[in-house]
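K.L.:
Here you go, sequence then predicted model.
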Amino acid sequence: MNSRVRELKETVCALHAELVRYDLVAWTAGNVSGRVPGEDLFVIKPSGVSYDDLTPESIVVCDLDGNLVEGDYAPSSDTAAHAYVYRAMPHVGGVVHTHSTYASAWAARGEAIPCVLTAMADEFGGEIPVGPFALIGGDDIGKGIVATLEGHRSPAVLMQNHGVFSIGASAKAAVKAAVMCEDVARTVHISRQLGTPLPIAQADIDSLYDRYQNVYGQRSSR
Ligand SMILES: [Zn+2]
């Protein structure tokens, strides 16, 4: 395997530590993948390996049908969903899946998280939508993710009764979306407990989103 794959394995391995750092995962329930630039391949967490034991060498390589191409372990049980997203969405360079607590609590109720925070307008451009109930195995989860996120600004979807899938131009961007999704899920939940969160006008959401996506920050770091 070439140096690009080796580098991506290191990146994706390190990003799993971020899932732990931001308290998005329990046991081994969460995974990050990254598309190999210029090739019909992606790297993903091996199934059932604890985050402490993950090494770049243990990260496995799959083709876009989810078949194992290189690695000593079986790929994550969510590999089919990741593979479906890479096949259907060529602009996606990274996919993350978690059962993070607050976001999954919204998913369990099948309710989209309304856009009531400027940080949500910035990052998600509106509500965080709910995808269909789908059983693991086959393409149902992948189909549900793509059907929900296509034509939507949000890089994250709450799969009903399940958890979060997030996408990004890179694996790091997808991890950021997963972290932000849990953050706003928590805040909007608390706001709901205190009363009724105030909506943000669509024109203001559009303006915030446009500014954040196009003006804010160091472009090279995103
Ligand atoms: Zn899951």
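P.N.:
Sure, I can see it. Numbers count the residues shown, from 1 in each chain.
K.L.:
Show me the beta-bridge partners of the residue nearest in space to the middle of the chain.
P.N.:
When CA atoms, centre = their mean is applied to the chain, the residue found nearest the centroid is residue 166 (2.0 Å). Using DSSP bridges, the bridge partners assigned to residue 166 are residue 96, residue 156.
K.L.:
who's in contact with it?
P.N.:
95, 96, 97, 155, 156, 157, 174, 175, 177, 178, 181 (CB atoms under 8 Å, 6 or more residues apart in numbering). (Each C-beta comes from the backbone N, C-alpha and C, glycine too.)
K.L.:
is it true that residue 74 touches residue 68?
P.N.:
Yes: Residue 74 is within contact range of residue 68, at 7.0 Å (criterion: CB atoms under 8 Å).
K.L.:
what about the two, which has more around it?
P.N.:
residue 68 (16 against 13; other CB atoms under 10 Å).
K.L.:
Which pLDDT does the model give the more buried one?
P.N.:
Here, the pLDDT recorded for residue 68 equals 98.
K.L.:
Name the residues linked to it by a beta bridge.
P.N.:
Taking DSSP bridges as the rule, residue 68 bridges to residue 62.
K.L.:
Give the helix, strand or coil label for the nearest residue to residue 132 once chain neighbours are set aside.
P.N.:
The spatially closest residue to residue 132, leaving aside those adjacent along the chain, is residue 144, at 4.4 Å (CB to CB, 6 or more residues apart in numbering). Counting by DSSP: H, G, I helix; E, B strand; the rest coil, the backbone at residue 144 sits in helix.
K.L.:
okay, stretch 110-119 in CSV with CA atoms only?
P.N.:
What follows is stretch 110-119, C-alpha atoms only, in CSV (Å, rounded to 0.1, in the frame of the first residue of the first chain):
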residue,chain,number,x,y,z
GLY,A,110,-37.5,10.5,15.7
GLU,A,111,-37.3,14.3,16.0
ALA,A,112,-35.1,16.6,14.0
ILE,A,113,-33.1,19.1,16.1
PRO,A,114,-34.5,22.5,15.3
CYS,A,115,-32.1,25.3,14.4
VAL,A,116,-32.4,27.5,17.4
LEU,A,117,-28.7,28.4,17.9
THR,A,118,-26.4,30.5,15.8
ALA,A,119,-23.8,27.8,16.0
